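Colleague: I need the structure of the sequence given here:
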Amino acid sequence: MPIRIPEQLPAQDVLSGENIFTMDSLRAASQEIRPLEVGILNLMPNKIETEVQLLRLLSNTPLQINVDLIRIDDQAPKNTPQSHMDSFYHDFSSVENKKYDGLIVTGAPLAHLEYQDVKYWESMTHILDWAERNVQSTLYLCWAAHAAMYHYYDVTRTLRQSKLFGVFEHRVLDSHNELLRGFDPVFYAPHSRFGHIETASYNGIEGLQVIAEADVAGAYIAASQDKRKVFVTGHPEYDPETLNDEYYRDIEAGNNPDVPVNYYPDNDPSQPPMVRWRSHGSLLFTNWLNYFVYQNTPYDLNLLADGSSLRKR
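Modeller: Model prediction:
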């Protein structure tokens, strides 16, 4: 089934070239089922690249989805034309009175900043509180996962001495959790982060459980028992070349990066990357939409319950 996205969005041409079915608002109006309302709070500098990655994963479902791209402030983003933001993004204030079936909050390159030093931290906390009241299920990725853990549960991340960078082997801890339905017992996922939160810190919060982890990367997916919050510390949405592009950007910036782990054959950057995570990344998003969003959200979103009861400071 298709996703509905704004007309002329650059991602539309990319997705169409991959035989992914999208539709504009005119065609969507003829559908008689209620589509899911999903917001994407995109905090990444290259908005267009992240849009394509996330929309590709959201499309792999029989559900029709209306997607709102949301910006956290009006500052001109790095690596994204202002015209793109003005054409396709909603200021949060314009959707604050809307309720959503699902919300995705992306990562952000803010590893070495204290949360209170992030220029939009006040807006971020406002949105996190809003999501508890107005969203059926929220998926937090990478930096956003750690930021949400800090805001909701006062859990502070530590910083690794070197960046966790590469593709790591993970294991399923709870095969009965619907978010992992269809997963192999062992699977791969990319990471690119300095932040770290111990598995015990997640599991120490009532109603929260780590359901997938890795020996090196630690906790990968944690989910609340009520399915309202999902924390993913890696990047299942990454394209095959994303880590490669980041590696060479770091080289050009003089950061002397390590070669991404388990990414190039024989750890040789001259070789094309090995892609081992995309099927599980796609399945993760499909399961989230089906079991955590669609199967639990009310038909009338005005009946959405306040999900803040899980918060434990």
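Colleague: wait, Gly182 sits on Leu283?
Modeller: Yes - Gly182 lies in contact with Leu283 (C-beta atoms under 8 Å); the separation is 5.4 Å. C-beta here means a position set from N, CA and C on the backbone, and glycine is covered the same way.
Colleague: Going by how many neighbours each has, rank those two and give me the top one.
Modeller: Legend: neighbour count by other C-beta atoms under 10 Å for Gly182 and Leu283, higher for Leu283 (20 against 11).
Colleague: secondary structure class for the more buried one?
Modeller: helix (DSSP: H, G, I helix; E, B strand; the rest coil).
Colleague: Roughly how far does it sit from Asn79?
Modeller: Separation of Leu283 from Asn79 (C-beta to C-beta, to the nearest Å) stands at 29 Å.
Colleague: Helices along this protein, start to end?
Modeller: Counting by DSSP state H, the chain has helices at residues 11-17, 25-28, 47-58, 82-88, 92-95, 121-134, 143-153, 199-203, 242-252, 278-287.
Colleague: Quick check: end-to-end length of stretch 173-193?
Modeller: End-to-end span of stretch 173-193 (C-alpha to C-alpha, to the nearest Å): 22 Å.
Colleague: what ranges do the strands span in the stretch 151-300 of the chain?
Modeller: 158-172, 186-196, 208-214, 218-224, 229-232 (DSSP state E, counting those that start in this stretch).
Colleague: Dump these to CSV, plus mean neighbour count.
Modeller: Output for these, formatted as CSV (neighbours: other C-beta atoms under 10 Å):
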stretch, mean neighbour count
strand 158-172, 17
strand 186-196, 21
strand 208-214, 21
strand 218-224, 25
strand 229-232, 26
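Colleague: got any ranges where the protein has weak pLDDT?
Modeller: 1-3, 19-33, 308-313 (pLDDT under 70).
Colleague: and the residue nearest the centre of it, what is it in contact with?
Modeller: Compute the mean C-alpha point of the chain, and by C-alpha atoms, centre = their mean the closest residue is Leu141, 3.8 Å away. Residues near Leu141 by C-beta atoms under 8 Å, 6 or more residues apart in numbering: Ile104, Val105, Thr106, Gly107, Val232, His235, Glu237.
Colleague: List just the nearest of these to Gln53.
Modeller: Using C-beta to C-beta, Glu237 is the member of those that sits closest to Gln53, with 4.1 Å.
Colleague: which ones are touching the nearest residue to that closest one once chain neighbours are set aside?
Modeller: Nearest residue to Glu237, sequence neighbours excluded (C-beta to C-beta, 6 or more residues apart in numbering): Gln53, at 4.1 Å. Shown in contact with Gln53 (C-beta under 8 Å, 6+ apart): Glu237, Tyr238, Asp239, Thr242.
Colleague: Look at the second one and say how many residues are nearby.
Modeller: A total of 23 residues lie near Tyr238 under the criterion other C-beta under 10 Å.
Colleague: That one and Asn79, how far apart?
Modeller: For Tyr238, the distance to Asn79 - C-beta to C-beta - is 16 Å.
Colleague: And Asn256, by the same measure?
Modeller: Relative to Asn79, Asn256 is positioned 23 Å away (C-beta to C-beta).
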